[in-house]
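Asker: With the sequence up front, the predicted model follows.
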Amino acid sequence: MAQQFDFAMIGLGVMGRNLLLNMADHGFAVVGFDKDATKTNALEGGATPGTIVKGVNTLEEMVSLLSKPRKIIMLVPAGKPVDDVLQSLQPLLEKDDVIIDGGNSHYTDTARRIESEKSFGFHFMGMGISGGEEGARRGPSIMPGGDAGAYKNIQPVLEAIAAKDGTEPCVAYMGKGAAGHYVKMVHNGIEYAIMQILGEVYDILKRGKGFTNPQLHEIFDGWNKGDLKSYLIEITAAIFLQKDEDSDADLVDKILDVAGSKGTGKWTSQSAMDLGTAIPVIDAAVSMRSISGLKKDRVKAAGLYTLPSHEIATDVETVKQQMHDALFSAIVICYAQGLAMLQKASVELDMQIPLQDAVKVWRQGCIIRSAMLGIFYNVCNANPGISNILLDEAIAAMINEKVKGLRSIVGAATEAGIPSMALSNALNYFDAFTSEKLPLNLTQAQRDFFGAHTYQRIDKEGIFHSHWNAAE
Ligand code: 6PG
């Protein structure tokens with residue numbers, strides 16, 4: 001009998017190829033489709049000896065090789081290419097087959113495609129995958145959502161290929177509809193925010209205190225050995241040691257200070273605005289990428305104004321300690337914002353996202369993996385409905401003292417004229433969130449003054465409107 005294949009991949013770019021080879025390494029017979037023969041050859045050439053991996057150049061052949069119900073992942077660029085693949089598969093698939101979009105699709109596109117499932121005639125799921133090339137090959141973090149029954153069909157293979165925290169696989173069902181892509185989008189928003197925070201820490205230490213790249217390596221490497229242990233800090237430490245191939249310089253100093261993006265951070269901010277949930281650290285990260293693009297204007301503006309010296313007077317050892325605490329508390333606050341957003345989306349968008357499982361699958365394999373997630377997992381497990389992890393007593397005890405470091409660093413950076421938008425937004429969010437009383441009573445008075453928008457009172461129930469004294 002001809003070889004039957006367990007799983008197929010459409011799109012053999014770096015992620016698709018590596019994910020498929022990962023499946024093969026776990027004993028699954030896999031077939032990969034790409035129109036480009038060099039990619040199918042690269043797939044077969046990269047297979048571990050003894051594994052069953054085949055590359056094909058037509059969808060018809062791919063479908064004919066699969067055992068039923070067929071299980072197919074596509075990793076193609078988000079947008080129209082996904083719709084095109086779904087259309088091409090329509091005449092080839094059957095009712096119980098499952099097709100999974102594993103790319104970074106916008107969750108509203110995923111929701112629309114799920115709505116069209118009946119016309120497709122097969123199951124469609126959206127699934128976030130994080131971990132880059134290495135993660136795809138050795139164990140990514142996987143965030144599937146949608147049809148719970150269809151998920152059961154693919155669960156064994158996903159559990160086999162996912163990263164492991166101890167023995168626990170970093171994959172779980174993320175909820176209804178487009179929940180998989182929604183959780184991945186928020187993951188990316190947090191990724192943007194932590195990267196921006198790390199950029200600011202680098203800038204403050206370099207411009208404010210004159211640390212060299214080898215010294216920055218030492219500091220970040222030291223942090224990565226303690227309670228800040230995380231993938232993004234680990235790679236940042238490594239970056240400071242990398243030499244340029246064309247000169248004696250460090251590579252980081254040769255890179256233009258303009259950051260690109262594919263949009264997932266912006267989508268997170270847009271969705272947060274729609275939900276009415278505040279994620280200002282993520283917003284700051286998105287804004288800073290935009291400001292980075294204004295290179296010409298920045299150069300001109302730098303010559304127009306009298307700016308502070310950028311030097312920070314505080315002694316080196318104190319700054320290092322304050323910076324550790326600032327970094328720790330800002331990162332906790334940024335996760336808190338992302339998780340609060342997921343909690344709100346879960347209800348408002350009716351996705352039923354199990355918050356503890358989102359945290360669980362982020363513990364290993366993904367870009368935002370960090371030792372802190374183990375702590376957040378315990379918090380969310382004990383209280384799955386928690387609206388914000390800053391309300392947890394253990395979290396409060398953990399950052400109560402450290403926030404002082406954040407306050408000192410934001411103050412020093414502000415004095416020195418070094419931008420710290422993400423760090424200060426983290427601090428301002430914290431200060432607002434812990435303010436029993438905010439000045440929004442004045443906002444309500446103003447709204448009622450000019451627009452009769454009414455207000456509520458602190459001393460009696462009901463909705464009120466006043467005849468305000470006319471402005472002089
Ligand atoms: C991941 C990454 C991955 C990708 C980002 C980059 O989890 O593996 O998040 O999805 O590297 O989308 O996003 P930008 O290009 O927008 O920075």
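Answerer: Sure, I can see it.

Asker: So which bits of stretch 368-382 are buried?
Answerer: With burial defined by 16 or more other CB atoms under 10 Å, the residues of stretch 368-382 counted as buried are 368-370, 372-373, 375-377, 379-380. In this view, the C-beta of every residue, glycine as well, is placed from N, C-alpha and C.

Asker: Ok, stretch 399-414 next?
Answerer: For stretch 399-414, burial by neighbour count (16+ other CB under 10 Å) applies to 399, 402-403, 405-413.

Asker: Among those residues, which ones are in helices?
Answerer: Judged by DSSP state H, the subset of the buried residues of stretch 399-414 located in helices is 399, 402-403, 405-413.

Asker: What residue spans form the domains of this protein?
Answerer: Per the record, the chain has its domains at 7-173, 184-433, 437-472, by automatic domain parsing.

Asker: Quick one: mean pLDDT over the last one.
Answerer: Meaning domain 437-472. Taken as a whole, domain 437-472 has a mean pLDDT of 96.

Asker: Return the set of buried residues in that domain.
Answerer: Quick answer for domain 437-472 (16+ other CB under 10 Å): residue 448.

Asker: Compute the first-to-last residue distance for it.
Answerer: Here the two ends of domain 437-472 are set 29 Å apart, with distance taken as CA to CA, to the nearest Å.

Asker: Contact residues of this protein facing the ligand?
Answerer: 104, 130-132, 188, 191, 261-265, 366-367 (CB under 6 Å from any ligand atom).

Asker: In ChimeraX, how would I select just the buried ones from the residues you listed?
Answerer: Selecting the buried subset of these in ChimeraX, with 16+ other CB under 10 Å as the burial test, is done by:
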select :104,130,131,132,188,191,264,265,366,367
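
Asker: can you list the residues of the chain next to the ligand in CSV and add pLDDT?
Answerer: Conversion of these to CSV gives the following (pLDDT from 0 to 100):
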residue, pLDDT
104, 94
130, 97
131, 96
132, 93
188, 98
191, 98
261, 95
262, 93
263, 94
264, 97
265, 98
366, 98
367, 98
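
Asker: For residue 113, which residues are in contact?
Answerer: Counting by CB atoms under 8 Å, 6 or more residues apart in numbering, residue 113 touches 82-83, 86, 101, 124, 126.

Asker: and if you look at residue 395?
Answerer: Taking CB under 8 Å, 6+ apart, we find residue 395 in contact with 332, 336, 375-376, 379, 389.

Asker: same deal with residue 120?
Answerer: Listed by CB under 8 Å, 6+ apart, the contact set of residue 120 reads 86, 89-90, 93, 99.

Asker: Roughly how far does residue 421 sit from residue 292?
Answerer: With distances taken as CB to CB, to the nearest Å, residue 421 is found 11 Å from residue 292.

Asker: Pick out whichever of those two has more residues nearby.
Answerer: Per other CB atoms under 10 Å, whichever of residue 421 and residue 292 has more neighbours is residue 421, with 19 against 16.

Asker: excluding its backbone neighbours, what's nearest the more buried one?
Answerer: Distance criterion CB to CB, 6 or more residues apart in numbering; nearest residue to residue 421, sequence neighbours excluded, is residue 284 at 4.0 Å.

Asker: which element follows the longest helix along the chain toward the C-terminus?
Answerer: In the chain, taking DSSP H as the definition, the longest helix is helix 316-348. For helix 316-348, the following helix or strand on the C-terminal side (DSSP states H and E) is helix 355-361.

Asker: who does that next one touch, helix- and strand-wise?
Answerer: In terms of contacts (3 or more CB pairs under 8 Å, 6 or more residues apart in numbering; DSSP states H and E), helix 355-361 is packed against strand 141-145, helix 316-348, helix 372-382.

Asker: Any idea how far the second one is from the middle of the chain?
Answerer: Spelled out, that is helix 316-348. With CA atoms, centre = their mean, to the nearest Å as the basis, the distance from the averaged C-alpha position of helix 316-348 to the chain average is 14 Å.

Asker: between it and helix 372-382, what angle do the directions make?
Answerer: Inter-element angle recorded for helix 316-348 and helix 372-382: 40 degrees (by axes from the mean of the first three to the mean of the last three CA atoms, to 10 degrees).

Asker: tell me which residues in helix 316-348 are buried?
Answerer: Neighbour counts over helix 316-348 (16+ other CB under 10 Å) mark 319-320, 322-346 as buried.

Asker: same question, stretch 232-247
Answerer: Across stretch 232-247, burial judged by 16+ other CB under 10 Å covers 232-234, 236-237, 239-240.

Asker: and which of these is nearest to the ligand?
Answerer: Proximity of those to the ligand, judged by CB to the nearest ligand atom, is greatest for residue 232, which lies at 10.9 Å.

Asker: pLDDT wise, what is that closest one at?
Answerer: At residue 232, the pLDDT value in this model is 98.

Asker: go on, residue 433?
Answerer: 98.

Asker: need the contact list for the closest residue in space to it that isn't next to it in sequence.
Answerer: Spatially, and ignoring its direct neighbours in sequence, residue 433 is nearest to residue 390 (6.1 Å; CB to CB, 6+ apart). For residue 390, the set of contacting residues under the criterion of CB under 8 Å, 6+ apart consists of 332-333, 336, 396, 430, 433-434.

Asker: which strand of the chain spans the most residues?
Answerer: Among the elements of the chain assigned as strand by DSSP state E, the one spanning the most residues is strand 123-130.

Asker: send the alpha carbons of the helix or strand that that strand is followed by over as PDB?
Answerer: Along the chain past strand 123-130, the next helix or strand (assigned with DSSP H and E) turns out to be helix 132-138. Only the C-alpha atoms of helix 132-138 are listed here, as PDB (Å, rounded to 0.1, in the frame of the first residue of the first chain):
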ATOM      1  CA  GLY A 132      11.000  32.000  15.100                       C
ATOM      2  CA  GLU A 133      13.100  29.600  13.100                       C
ATOM      3  CA  GLU A 134      14.700  27.800  16.000                       C
ATOM      4  CA  GLY A 135      11.400  27.500  17.800                       C
ATOM      5  CA  ALA A 136       9.600  26.000  14.800                       C
ATOM      6  CA  ARG A 137      12.400  23.300  14.400                       C
ATOM      7  CA  ARG A 138      12.900  22.500  18.100                       C
END
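
Asker: Run the chain-centre distance for helix 132-138.
Answerer: What separates the centre of helix 132-138 from the centre of its chain is 16 Å, taken as CA atoms, centre = their mean.

Asker: what helix or strand is residue 215 on?
Answerer: Element membership of residue 215, judged by DSSP H and E, is helix 213-224.

Asker: Could you pull up the mean pLDDT of that helix?
Answerer: Mean predicted confidence for helix 213-224 is 98.

Asker: tilt between that helix and helix 316-348?
Answerer: Using the same axes, to 10 degrees: helix 213-224 against helix 316-348 is 50 degrees.

Asker: May I see the buried residues of helix 213-224?
Answerer: 213, 216-217, 219-221, 223-224.

Asker: what's that helix packed up against?
Answerer: The elements that helix 213-224 packs onto, with contact taken as 3+ CB pairs under 8 Å, 6+ apart, are helix 231-239, helix 316-348.

Asker: This completes my enquiry, with thanks.
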